[in-house]
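Q: Predicted model, plus sequence, below.
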Amino acid sequence: MVIRALGAHAVVVRPGGQPWEAQLRRLSPGTEYHYRQLDALARHVAYQRRGERRPH
């Protein structure tokens with residue numbers, strides 16, 4: 001997810017909270033598949049942070 005734009009660059013953040021800088025021209029809109037994958041990754045990170053096992 002883009003959290004801010006800095007000229008030709010953007011600061012993006014992963015569901016785990018780690019930000020990094022990327023060139024704006026290298027970014028593209030997310031697809032439904034991307035949204036599902038990010039939601040799944042966010043749930044996984046939340047389980048890890050709580051110390052729970054991932055449900056099967």
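A: Structure's in. What do you need?

Q: CA only for contacts and neighbour counts going forward, please
A: Will do.

Q: for Arg43, helix, strand, or coil?
A: Secondary structure of Arg43, reduced to three states by DSSP: H, G, I helix; E, B strand; the rest coil: helix.

Q: Near Gln18, how many other residues are there?
A: With neighbours defined by other CA atoms under 10 Å, the count for Gln18 comes to 8.

Q: Tell me the confidence at it?
A: You'll see Gln18 listed with a pLDDT of 87.

Q: Same check on Ala8?
A: In this model, Ala8 is scored at 93, pLDDT.

Q: same check, this time on Arg54
A: 59.

Q: need the helices for this protein, in chain order.
A: Assigned helices in the chain, in chain order: 32-50 (criterion: DSSP state H).

Q: Backbone dihedrals for the residue nearest the centre of it, both of them.
A: Among the residues of the chain, the one closest to the centroid is Arg14, at 2.9 Å (CA atoms, centre = their mean). In this entry, Arg14 is assigned phi and psi values of phi -80, psi 160 (degrees, to the nearest 10).

Q: That one is in contact with Met1, isn't it?
A: Yes - the pair Arg14 and Met1 passes the contact test of CA atoms under 8 Å, sitting 6.7 Å apart.
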